[in-house]
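Enquirer: Everything below, folded, please.
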Amino acid sequence: MAGIGFELQKLARQESLSSVLAAGGHAAVIAAGPWLFTIASLAVISVTVERYVGLDALANFRAVIIYAFATSLVLTAPVTMVATRLVADALWARQPERVRPLLFAAFAMSAVSVSVGVVALSLYFRVPLALALAFACSTLTVALIWVALGFCGAVRDYGAVTASFLAGLAVAVLASLSAASAGFEAFGMVYGFASGLMVTFLGLTLRVLATFPHPVTGLRGGLRQLLGGFSTYRSLAWGALAGTAAVWIDKWVFWFSPVGESVQGGFVHAPLYDSAMFIASLVIIPSLASFVAKLETDFFERYQRYYGAIKSHGTIGQIEDARRRLSAHTLDTLVLIAIAQVGICAVLIMTAPLLVEALNLQFRQIAILRFGALAAVFHFIFIAATSFLLFFDRRWLYLGLQTLFFLLNLTLSIVTVYLGQDYYGVGYFAACFISSLLAYIMATATFQNLNFLTFIGNNPSIKPSSAYAERGWLD
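Expert: You can find the predicted model right below:
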């Protein structure tokens with residue numbers, strides 16, 4: 001739904017420093033709002049509450065929050081992907097009254113899938129009842145945030161979205177600190193954190209509802225739309241599931257390896273690997289923010305010009321000229337953002353020993369941190385390239401690349417675990433490198449063959465032969 005919100009376009013066209021910073025800040029929230037929320041709140045809470053609750057309770061609290069975000073992201077990704085595609089279809093068809101039923105249906109379906117996952121994990125890890133209930137509360141709230149944030153792509157008010165996250169962050173930190181100072185253990189801190197998440201969820205949801213005020217007579221219509229969407233866009237659903245699982249699969253491998261450790265609440269984690277990779281992954285956020293800003297502005301304008309030339313019955317020369325401009329500008333922008341990402345990565349690699357010492361980490365984590373930073377460069381390229389494929393409806397190619405990334409990260413992470421500590425992080429780096437290379441090749445081929453895809457390959461009125469079907473996958 002890029003291009004629906006015009007606030008970034010308006011800010012980006014202003015030349016003042018404040019407008020540029022505002023556009024970048026809003027883009028960062030849209031690209032990684034829950035991620036930024038977690039980083040900031042966990043950092044403040046971890047620094048301040050240890051003296052009140054002790055290391056064990058703090059470890060339990062962190063583990064619950066990590067599992068809440070991982071579980072909710074993976075289990076809601078298929079629902080969110082299909083729902084937002086249906087919203088885009090509804091807005092394209094000028095039927096905004098379909099948005100509210102889809103939102104409530106997506107909430108309901110996500111809540112059911114996440115509840116099943118929470119129960120399964122709580123039973124598997126034998127989590128104490130009080131902590132399990134807190135885990136369920138936080139996971140369900142985060143799941144609803146993922147859905148609401150997806151729908152916020154159709155909301156023009158980026159300022160309200162950013163304000164929702166900032167308000168939720170403040171409440172989460174204050175409530176968690178209050179619970180810790182009052183003597184509550186990890187479950188009390190989790191409830192405090194969840195209260196902040198609830199503030200963010202309500203802010204996002206109310207903004208969507210205000211944008212689409214059409215009445216809803218029942219949930220059945222929205223569920224029918226969503227279930228039909230899973231049939232039509234099943235490749236998107238499976239691709240979203242594979243892609244989000246791929247982000248976490250290397251962590252899961254280490255959690256259940258000899259490197260993994262258990263906290264008092266029963267959850268397992270791998271502090272040696274997790275903390276270094278967590279820090280390394282932060283370097284991708286500026287690139288994601290820049291990518292979202294470019295997607296909403298320059299890319300979408302050229303995207304519209306290309307299809308506008310087709311709709312206005314332009315000549316083949318005009319259409320080809322628009323295609324070349326779209327292709328050249330898009331790929332050049334991707335390269336420029338990736339180069340900036342390399343610069344940030346280089347700084348992190350050079351300062352890794354200082355960061356490890358400042359953050360009280362172990363020096364044997366330096367190599368993991370460096371491999372993670374290198375991987376972040378190629379992970380960004382993979383995300384950007386596969387996103388472009390979706391703009392041109394190459395859904396099955398998107399699914400294939402996401403599945404490949406998942407299998408590579410799984411296999412190579414298992415190999416690096418058994419190779420030993422010197423190779424930790426190499427598996428994730430290699431998976432990102434190979435997947436990004438293939439994704440970039442496929443994205444480039446898509447732009448080169450865009451006229452064929454538009455008129456023949458993706459034209460629903462034409463039944464492709466086997467040769468065309470093969471070409472549509474490989475080109």
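
Enquirer: just for the stretch 151-300 of the chain, where's the confidence low?
Expert: Low-confidence segments of the stretch 151-300 of the chain, defined by pLDDT under 70, span residues 154-158, 296-297.

Enquirer: what about the strands in it?
Expert: Applying DSSP state E, counting those that start in this stretch to the stretch 151-300 of the chain gives strands spanning 261-262, 268-269.

Enquirer: nearest to residue 152, of the ones you listed?
Expert: Comparing these by their distance to residue 152 (Cβ to Cβ), the top pick is strand 268-269, with 30.7 Å. (Each C-beta comes from the backbone N, C-alpha and C, glycine too.)

Enquirer: picking that back up, would you turn the strands of the stretch 151-300 of the chain into TSV with distance to residue 365 and mean neighbour count?
Expert: Converted to TSV, the strands of the stretch 151-300 of the chain look like this (distance: least, Cβ to Cβ, whole Å; neighbours: other Cβ atoms under 10 Å):
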stretch	distance to residue 365	mean neighbour count
strand 261-262	15	14
strand 268-269	14	18
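
Enquirer: Let me have the ones you listed in CSV, extended by distance to residue 332.
Expert: Written out in CSV, the entries for the strands of the stretch 151-300 of the chain read as follows (distance: least, Cβ to Cβ, whole Å):
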stretch, distance to residue 332
strand 261-262, 46
strand 268-269, 41
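
Enquirer: what's the closest of those strands to residue 201?
Expert: Ranking the strands of the stretch 151-300 of the chain by proximity to residue 201 (Cβ to Cβ) places strand 268-269 first, at 25.7 Å.

Enquirer: which outside residues touch that closest one?
Expert: Where contact means Cβ atoms under 8 Å, 6 or more residues apart in numbering, the residues beyond strand 268-269 that reach it are 63, 66, 125, 255, 256, 260, 261, 262, 263.

Enquirer: So what does residue 78 look like in phi/psi?
Expert: phi -60, psi -40 (degrees, to the nearest 10).

Enquirer: Please apply the same query to residue 126.
Expert: Note on residue 126: backbone dihedrals following degrees, to the nearest 10 are phi 50, psi 50.

Enquirer: How about the contacts made by it?
Expert: Residue 126 makes contact with residue 266 under the criterion Cβ under 8 Å, 6+ apart.

Enquirer: where's it relative to residue 186, distance?
Expert: In this structure, residue 126 lies at 15 Å from residue 186, with Cβ to Cβ, to the nearest Å as the measure.

Enquirer: List the residues that contact the nearest residue to residue 172 once chain neighbours are set aside.
Expert: In space, residue 172 comes closest to residue 196 once its chain neighbours are excluded; the distance is 2.4 Å by Cβ to Cβ, 6 or more residues apart in numbering. Contacts here follow Cβ under 8 Å, 6+ apart; on that basis residue 196 touches 41, 168, 169, 170, 171, 172, 173, 174, 175, 176.

Enquirer: In helices, which of the residues you listed fall?
Expert: In this view, those that belong to helices under DSSP state H are 41, 168, 169, 170, 171, 172, 173, 174, 175, 176.

Enquirer: All the helices of the stretch 201-350 of the chain, residue numbers only.
Expert: In the stretch 201-350 of the chain, the segments counted as helices under DSSP state H, counting those that start in this stretch are 219-232, 234-255, 271-281, 284-294, 300-311, 316-350.

Enquirer: just checking, next helix/strand downstream of the longest one?
Expert: Read in the C-terminal direction, the helix or strand following helix 316-350 is helix 352-358, with elements assigned using DSSP states H and E.

Enquirer: what sits up against that next one?
Expert: 279, 348, 361, 362, 363, 365, 366, 369, 370, 373.

Enquirer: Narrow those to just the buried residues.
Expert: 279, 348, 361, 365, 366, 369, 370, 373 (16 or more other Cβ atoms under 10 Å).

Enquirer: Filter those residues down to the ones in helices?
Expert: Secondary structure assignment by DSSP H places 279, 348, 366, 369, 370, 373 of these in helices.
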